[in-house]
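Colleague: sequence first, predicted coordinates after that:
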Amino acid sequence: MNRKKRRVLVLDATVAYSGYDPFMVSEEQYTTSNVASEIRKDSKLAIAINLGVVKVREPSKDAIENIVKRVREHCEEPNLSNADMSILALAYELSNEGKDTLIISDDYSLQNMAKILGLKISRYGRPFIRHILYRVKICEKCKRKYDPDYPGDTCEVCGGKILSKVARRVRVHEEGH
Ligand SMILES: [Zn+2]
């Protein structure tokens, strides 16, 4: 017998404003308390959370630490909020539990990082990202490359400003439903 894995959805804050309707969805839906606290109380997502249609689940400390580490390695930390990190960590954790996990988000930075991590992500509202952007730290003046965890923001050789620059872009396709 061919048993299909049940899909679970992880919703980020953008779905509260994209017209997405949690009450029209049959899949299990999750979000985090970080997201729940940042959305408007009269949004459909907030109401669905209050009624238990969307479950609030906190990712483990391990999952968060793992995601923060990977985000830093890719110089994406300035682009992602704590709520974004919590969504990635929850999706990572649910995937590790063997669930077919799909993040729903219209946020381009979140889409980008999810793709880098190999997590499934789709959007509801605006078009999906076209490329995964891989960033590195590089000196603006002398182009010297720095480790992602280099603590300063000025170049130790020329004193130039260290920027997080896109080094590589890879064309992507959306997961779809
Ligand atoms: Zn330099």
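Modeller: Yep, it's here. Residues are numbered from 1 along each chain as shown.
Colleague: going forward, measure contacts between C-alpha atoms and count neighbours the same way
Modeller: Will do.
Colleague: mind showing which ranges of this structure have poor pLDDT?
Modeller: Residues of the chain that meet the criterion pLDDT under 70 lie in 1-4, 176-177.
Colleague: how about 80 then?
Modeller: Of all residues in the chain, those with pLDDT under 80 make up the ranges 1-5, 125-127, 173-177.
Colleague: what's the distance between the residue positioned nearest the centre of the chain and the ion?
Modeller: Closest to where the C-alpha atoms of the chain average out (C-alpha atoms, centre = their mean) is Leu110, at 3.4 Å. When C-alpha to the ion, to the nearest Å is applied, the distance between Leu110 and the ion equals 30 Å.
Colleague: can you classify the closest residue to that residue other than its chain neighbours as helix, strand or coil?
Modeller: Beyond its immediate neighbours in the sequence, the residue positioned closest to Leu110 (C-alpha to C-alpha, 6 or more residues apart in numbering) is Asp84, lying 6.5 Å away. Assigned by DSSP: H, G, I helix; E, B strand; the rest coil, the conformation of Asp84 is helix.
Colleague: quick check: Asp84 vs Met113, distance?
Modeller: With distances taken as C-alpha to C-alpha, to the nearest Å, Asp84 is found 10 Å from Met113.
Colleague: show me which of those two is the more surrounded one.
Modeller: When Asp84 is set against Met113 and neighbours are counted by other C-alpha atoms under 10 Å, the residue ahead is Met113, at 26 against 21.
Colleague: residue contacts, that one?
Modeller: Applying C-alpha atoms under 8 Å, 6 or more residues apart in numbering, we find Met113 in contact with Val71, Glu76, Ile132.
Colleague: over to the last one: give its phi and psi.
Modeller: With angles defined as degrees, to the nearest 10, Ile132 sits at phi -80, psi 130.
Colleague: residues near it, how many?
Modeller: Neighbouring residues of Ile132 were enumerated by other C-alpha under 10 Å; the total is 21.
Colleague: residues in this structure within reach of the ion, list them.
Modeller: Proximity of the chain to the ion is confined to Cys139, Cys142, Cys155, Cys158, Gly160 under the rule C-alpha under 5 Å from the ion.
Colleague: repeat that for 8 Å
Modeller: On the criterion C-alpha under 8 Å from the ion, the ion has as its neighbours in the chain the residues 138-144, 154-162.
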